[in-house]
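Asks: what would the 3D arrangement of this be:
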Amino acid sequence: MIQALFSGTATQADRQIVHQASAPVFDELLSLSEQEARAGAKIIVWPEASGSVTLLQEDEPTLLARASSIARTTGTYLDLGLAVLLQHPVQSSYASVESILINPSGNIVWQYQKAHPALGIQSRLEMAKCLLSRHRMGGWPR
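Replies: Okay, here's the model as predicted:
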């Protein structure tokens, strides 16, 4: 399935599995970001590609809206590092590595896409296997 996702041959069911596996990770990143902002952080930066967790392109608008709300309500700059799994290829690639900066007003002030992302397909495969196994086991340990 992972090769299908990165080659553009994935089914909608495959993408749904990725959504279900990655959603709790992004929920946790947003929760931690809000926690740190409320504790006084003024700039919060997520790691490049959010620790190698892939976001589906169709889930990006919702994530950005939630992040914008956190930035606005806490007065914080929030820089999201994302690896986005595209629905359609861009220059024959089905993935994009991005950095998106949201200001304290909740507006996206810049969006950077790596020109030559080095996604490390093998490490991505291993991360995806881990996400899928956690999803099948009922989620993330608390």
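
Asks: distance between the helix of greatest length in the chain and the chain's centre?
Replies: Longest among the helix segments of the chain by residue count, using DSSP state H, is helix 12-38. Centroid separation for helix 12-38 versus its chain: 7 Å, with CA atoms, centre = their mean, to the nearest Å.

Asks: which residues outside the helix or strand just after it are in contact with it?
Replies: Downstream of helix 12-38, the first helix or strand assigned by DSSP states H and E is strand 43-45. Counting by CB atoms under 8 Å, 6 or more residues apart in numbering, strand 43-45 makes contact with 33, 36, 37, 76, 77, 78, 79, 81, all of which sit outside it. Where C-beta positions appear, they are placed from N, C-alpha and C, glycine not excepted.

Asks: if we can go back for a sec, which helices and strands sit right next to the longest helix of the chain?
Replies: Counting contacts by 3 or more CB pairs under 8 Å, 6 or more residues apart in numbering; DSSP states H and E, helix 12-38 packs against helix 2-7, strand 43-45, helix 49-52, strand 54-56, helix 60-74, strand 77-90, helix 121-136.

Asks: repeat the analysis, applying 6 Å as the threshold.
Replies: strand 54-56, helix 60-74, helix 121-136 (3 or more CB pairs under 6 Å, 6 or more residues apart in numbering; DSSP states H and E).

Asks: can you flag the weakest of those by average pLDDT?
Replies: Taking the mean pLDDT of each of those, the lowest value is held by helix 121-136, a mean of 50.

Asks: find me the pLDDT at the residue in the chain sticking out farthest from the centre, would you?
Replies: When distances are taken from the C-alpha mean of the chain, residue 40 lies farthest, 23.8 Å away, according to CA atoms, centre = their mean. According to the model's per-residue confidence, residue 40 sits at a pLDDT of 95.

Asks: with just CA atoms, put stretch 97-106 into PDB.
Replies: Extracted in PDB, the C-alpha atoms of stretch 97-106 (Å, rounded to 0.1, in the frame of the first residue of the first chain):
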ATOM      1  CA  VAL A  97       7.600  18.800   2.000                       C
ATOM      2  CA  GLU A  98       6.400  22.200   3.300                       C
ATOM      3  CA  SER A  99       6.900  24.700   6.000                       C
ATOM      4  CA  ILE A 100       3.900  27.000   6.700                       C
ATOM      5  CA  LEU A 101       4.200  30.000   9.000                       C
ATOM      6  CA  ILE A 102       1.000  31.300  10.700                       C
ATOM      7  CA  ASN A 103       1.200  34.700  12.400                       C
ATOM      8  CA  PRO A 104      -0.600  35.600  15.700                       C
ATOM      9  CA  SER A 105      -3.500  37.000  13.700                       C
ATOM     10  CA  GLY A 106      -4.100  33.500  12.300                       C
END
